[in-house]
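Curious how this folds, go ahead:
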Amino acid sequence: MATLRIKHETPEKPQMLLIGCGSAGRNIASLSRRIRRLTIDGGGGADFPVDRSTLAVAEMEPSMIRTASPAFYSRLGREVEGAHAVMIVGGLGGFAGGIAAAAVSRAGRALGIPVIASVALPFDVEGSVRRASARKSLDDLERTASITIPFENNIINQTMSNVRISRALDIMNRIVLSPLEEIALCADSEFLDSLARSHYRGRYAVSYSSGMDWEKKGAHGILSELGEQSLRFMQIHVFLSINSGWEDSAERLGSALLSKAGECDVTVWVKNRKEEAQNRIGAIALY
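Numbering: from 1, shown residues only. Next up, the predicted model:
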């Protein structure tokens, strides 16, 4: 039977480590002011520079075998010490972005640390080879990460065609970072512990709502954004930024979602934000 839980953000937040893999991952990680960061890249300026002696790709049919050196795992183990969860951001398909992300995920899993990855897939125009490499990296992540949330860069062509590409990419970077910041701000140790042996794929959506019956309108907006209810979501985690009366509103919002989302557990994480003009609802659906 599906359950509803209401949780308020805890003052004692678990320690997270945000790892930006590749040049895109570095750009995304740089936007965060809330999470301790580490960058891994083949270019200069990364906290953890890598090259082909550190990460290797052996092209073999019908698959690609990717390996990381013992030195890579040794240093990574030192970097993640003390973290309750590892968060990965990056653009898949390239050398550091894809291969390092998968290696970080394997290392986190081996150390018993939950790994949450939010990653972008390349544009179609970047070619079939890069898309295939990205798909391989995504498959690797999904086998080892606790939660993997993929985003399609192609959405820029569909929804931001009138926006300059530099601005559109900046918006996309913030979207990719958003689910991790939601978790870092609200999640507690109980939630992270529940991920220890889990492998979920996730979808992320945001909706704003105000006025009469805003909870029902917000629930409808979130489910519309998540789409494809045939995926049979197992859990929906809602991150609610609200300006007043959070107890009753969180209950109404959660109940509205529970009534429409089928046999799916719903948790509403509440953040009091008095300066908000509207109530912001972010959601991560796990399946």
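
how much space between residue 216 and residue 266?
Going from residue 216 to residue 266 by Cβ to Cβ, to the nearest Å gives 14 Å. (Each C-beta comes from the backbone N, C-alpha and C, glycine too.)

Between these two, which has more neighbouring residues?
For residue 216 versus residue 266, the count of surrounding residues by other Cβ atoms under 10 Å is larger for residue 266: 25 against 17.

and that one, what helix or strand is that in?
strand 265-272 (DSSP states H and E).

who touches that strand?
Applying Cβ atoms under 8 Å, 6 or more residues apart in numbering, the contact partners of strand 265-272 are 2-9, 182, 185-187, 191, 234-243, 246, 250-251, 253-254, 257-258.

Out of the residues you listed, which end up buried?
4, 6-7, 182, 185-187, 191, 235-243, 246, 250, 253-254, 257-258 (16 or more other Cβ atoms under 10 Å).

Run through the stretch 151-287 of the chain and note the low-pLDDT ranges.
Confidence mapping of the stretch 151-287 of the chain against pLDDT under 70 gives the ranges 228-231, 243-246, 272-277.

what about 90?
Residue ranges of the stretch 151-287 of the chain with pLDDT under 90: 153-170, 185-187, 196-198, 207-215, 224-233, 240-250, 258-264, 270-280.

Please enumerate the strands of it.
Applying DSSP state E, counting those that start in this stretch to the stretch 151-287 of the chain gives strands spanning 200-209, 235-242, 265-272, 279-286.

mind checking which of the ones you listed is nearest residue 163?
Judged by Cβ to Cβ, the one of these that comes nearest to residue 163 is strand 200-209, at 17.4 Å.

Pull the closest one out as CSV, backbone CA atoms only.
Below are the C-alpha coordinates for strand 200-209, written out as CSV (Å, rounded to 0.1, in the frame of the first residue of the first chain):
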residue,chain,number,x,y,z
TYR,A,200,16.9,3.7,-9.4
ARG,A,201,16.5,5.7,-12.5
GLY,A,202,15.0,9.1,-11.9
ARG,A,203,13.0,11.9,-13.5
TYR,A,204,13.1,15.5,-12.3
ALA,A,205,10.4,18.2,-12.7
VAL,A,206,9.6,21.6,-11.3
SER,A,207,6.3,23.4,-11.0
TYR,A,208,5.2,26.7,-9.4
SER,A,209,1.7,27.2,-8.0
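
what angle sits between it and strand 279-286?
Strand 200-209 and strand 279-286 meet at an angle of 160 degrees, taking axes from the mean of the first three to the mean of the last three Cα atoms, to 10 degrees as the criterion.

Go through strand 200-209 and flag the buried ones.
Buried residues in strand 200-209 (16+ other Cβ under 10 Å): 200, 201, 202, 203, 204, 205, 206, 207, 209.

contacting residues around it?
The list of residues contacting strand 200-209 from outside it, by Cβ under 8 Å, 6+ apart, reads 118, 142, 146-151, 175, 178-179, 215, 217-218, 221-222, 225-227, 231, 233-235, 278-287.

List buried residues within the residues you listed.
Applying 16+ other Cβ under 10 Å to the contacts of strand 200-209, the neighbour count classes 118, 142, 146-151, 175, 178-179, 215, 217-218, 221-222, 226, 233, 235, 279-286 as buried.

unless I'm mixing things up, residue 154 is touching residue 126, no?
No - between residue 154 and residue 126 there is no contact under Cβ atoms under 8 Å: 10.1 Å.

In contact with the residue at minimal distance from the centre of the chain: list those residues for me.
Nearest to the mean C-alpha position of the chain, counting by Cα atoms, centre = their mean, stands residue 118 at 3.2 Å. Contacts here follow Cβ under 8 Å, 6+ apart; on that basis residue 118 touches 87, 88, 89, 149, 151, 176, 177, 179, 180, 204.
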